[in-house]
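J.: what's the 3D shape of this:
(one chain, ligands or ions: 1)
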Amino acid sequence: MKKYIVIGAGMSGLATANLLQERGNEVVVYEREDRPGGMIKCDIVEGSLFHRTGGHIFNTKRQDVMDWFWKHFDREKEFTKALRNSAVFFGENLTVPYPVENHVYCFDDETQRSFVRDLLQIVAEKKEPRNFEEFLKSRFGETLYRLYFQPYNYKVWRRDLTKIPLSWLEGKLPMPTVEEMIYNNMNRVEERQFVHASFYYPKKGGSQFLADRLAKHLTVKYDTAVHRIERSGDRLSVNGEACDRVVFCGNVKMLPGLLRMDSFVKDIEALEAHGTTSVFCEIGKNPFSWVYLPERVHDAHRIICTGNFAESNNVPGKMTATVEFTDYISREDIGAQLGRIAFHPEYLAHHYEEYTYPIQDKDTRSLIAALKSRLAEGGIYLVGRFAEWEYCNMDIAIGSAMDLVNEIE
Ligand SMILES: Cc1cc2nc3c(=O)[nH]c(=O)nc-3n(C[C@H](O)[C@H](O)[C@H](O)COP(=O)(O)OP(=O)(O)OC[C@H]3O[C@@H](n4cnc5c(N)ncnc54)[C@H](O)[C@@H]3O)c2cc1C
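T.: Take a look at the predicted model:
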């Protein structure tokens with residue numbers, strides 16, 4: 001049995017700590033906030049549930065992650081099944097079901113013809129994309145790129161899409177073939193016919209429920225920010241508490257300060273990220289789960305209709321949603337922006353999270369790999385979205401915790 005200190009009680013830290021404890025280790029978690037969850041924290045605002053960042057739902061392609069997750073929850077009693085029904089809004093008169101490439105028949109005649117020409121060109125050229133822009137064009141064609149993929153992704157990433165490398169994409173975006181797009185359009189295949197058309201969502205508490213449950217049997221020191229990690233003999237200490245190993249699940253940018261490091265510092269400082277402003281609103285009743293907003297008239301890129309995920313997310317008779325903006329937006333600008341959005345959102349609350357979207361360049365993965373291997377020699381490990389600088393969902397974070405524990409235990 002070893003003693004581990006896990007830093008951070010977000011999903012990565014909670015998964016790591018549980019997995020280590022399940023193997024019989026002594027585990028203490030340090031969390032600077034007063035409750036678990038990190039980015040998946042939720043608040044109750046005027047009786048309705050506000051996902052402070054995004055609108056978290058759980059899903060995974062990894063069977064081991066799925067099995068581990070459901071060991072901690074009672075799917076039938078504690079979860080409800082919600083349907084995906086997403087749409088892309090192109091102004092007041094055109095709503096196209098998601099994903100757009102399966103519903104090109106909803107556009108005007110000229111757009112449809114242009115899309116067909118694009119598909120023929122994609123087949124003829126078979127280009128190997130070198131960056132995100134080339135990927136989107138070579139997969140979906142110039143027409144959909146111009147109408148949807150470019151404006152939408154520019155809002156999320158706030159940069160020239162040619163500057164975004166392809167490595168982060170792996171397994172994260174649907175990769176339909178030309179044949180599939182033609183078939184889906186001809187047959188009007190809808191999102192609900194796909195495997196992930198529905199998802200399980202907590203009956204009460206949203207993703208905060210997940211965090212609270214996973215923290216329940218752990219020793220977590222809340223309101224305790226880690227400010228120092230030191231080596232003393234063959235042991236480590238965190239804020240003066242001795243342990244054998246440390247798993248760091250916070251932001252890698254803090255590590256040089258915590259460890260008094262003098263290598264990797266400049267490269268870590270250069271890592272870039274975006275933040276997110278999530279605006280919680282009361283909104284008109286609608287059938288959607290996610291609404292995407294590619295139009296330039298909106299600074300927001302999507303509405304997450306969390307009120308449709310579970311009945312208990314709203315006070316009776318009301319419907320709530322989160323409108324999402326990349327980076328910081330002032331309260332005044334929020335007011336102006338909400339006035340342009342469908343379903344008449346009315347402001348209830350908002351939250352700005354500084355680190356939400358890590359941006360990778362071509363060297364990020366090798367930098368993190370080198371850092372991990374150097375730290376591992378001293379018994380310090382990295383798991384998590386900003387510890388590993390990976391654009392990962394909760395399931396990937398859990399998977400990363402599993403892979404680490406399998407490797408070191
Ligand atoms: C807009 C948006 C929508 C998303 N939607 C989904 C979704 O629908 N489904 C999904 O699966 N995933 C989704 N994700 C991804 C998901 O949020 C992350 O994968 C997950 O929350 C990462 O957890 P983490 O523990 O790595 O990081 P975090 O949640 O950031 O946790 C880090 C924790 O460490 C603590 N900490 C940091 N430094 C210290 C310190 N020095 N001392 C003590 N504590 C410290 C922090 O307080 C925090 O609690 C979304 C992400 C975003 C940004």
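J.: any part of the biggest strand by length in the chain near the ligand?
T.: Looking only at the chain and at elements set by DSSP state E, the strand with the highest residue count is strand 346-359. Yes: figure legend: strand 346-359 in contact with the ligand (Cβ under 6 Å from any ligand atom); contacting residues Thr356. To be clear about C-beta, it is placed using only N, CA and C from the backbone, and glycine gets the same treatment.
J.: any idea of the angle the next helix or strand after that strand forms with strand 346-359?
T.: Scanning forward in sequence from strand 346-359 by DSSP states H and E, the next helix or strand is helix 364-377. For helix 364-377 and strand 346-359, the angle between their directions (axes from the mean of the first three to the mean of the last three Cα atoms, to 10 degrees) works out to 80 degrees.
J.: quick one: low-confidence residue ranges for this structure.
T.: Screening the chain residue by residue with the criterion pLDDT under 70, one finds the ranges 171-174, 192-193, 195.
J.: quick check: residues of it near the ligand?
T.: By the rule Cβ under 6 Å from any ligand atom, the part of the chain lying against the ligand is 7-13, 30-33, 38-40, 53-54, 56-58, 225-226, 249-251, 254, 276, 356, 384-386, 392-395, 397.
J.: filter these down to the ones in strands?
T.: If you go by DSSP E, the residues of the chain next to the ligand have Ile7, Tyr30, Thr276, Thr356 in strands.
J.: top of the residues you listed by number of neighbours, please.
T.: The member of those that has the most neighbours, counting by other Cβ atoms under 10 Å, is Ile7 with 30 neighbours.
J.: what is the burial count for Arg84?
T.: There are 17 residues near Arg84, going by other Cβ under 10 Å.
J.: I should have written Gly378 there, sorry.
T.: For Gly378, using other Cβ under 10 Å, the count is 13.
J.: any buried residues in stretch 232-239, and which?
T.: Residues of stretch 232-239 classed as buried: Leu236, Ser237, Val238, Asn239 (neighbour count, 16 or more other Cβ atoms under 10 Å).
J.: what distance do you get for the closest residue in space to Glu92 that isn't next to it in sequence to Thr60?
T.: The spatially closest residue to Glu92, leaving aside those adjacent along the chain, is Ala342, at 7.7 Å (Cβ to Cβ, 6 or more residues apart in numbering). Here Ala342 is placed at a distance of 32 Å from Thr60 (Cβ to Cβ, to the nearest Å).
J.: ditto for Gly54
T.: When Cβ to Cβ is applied, the distance between Gly54 and Thr60 equals 16 Å.
J.: helices along the stretch 1-150 of the chain, start to end?
T.: In the stretch 1-150 of the chain, the segments counted as helices under DSSP state H, counting those that start in this stretch are 11-22, 63-71, 75-78, 109-125, 132-140, 142-144, 150-157.
J.: and the ones you listed as a markdown table, adding distance to Lys362?
T.: Written out in a markdown table, the entries for the helices of the stretch 1-150 of the chain read as follows (distance: least, Cβ to Cβ, whole Å):
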| stretch | distance to Lys362 |
| --- | --- |
| helix 11-22 | 24 |
| helix 63-71 | 28 |
| helix 75-78 | 41 |
| helix 109-125 | 24 |
| helix 132-140 | 12 |
| helix 142-144 | 25 |
| helix 150-157 | 16 |
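J.: hang on, the earlier thing: grab the two from the buried residues of stretch 232-239 that are most spread out in space.
T.: The largest separation in these, counting by Cβ to Cβ, is between Leu236 and Asn239 at 11.2 Å.
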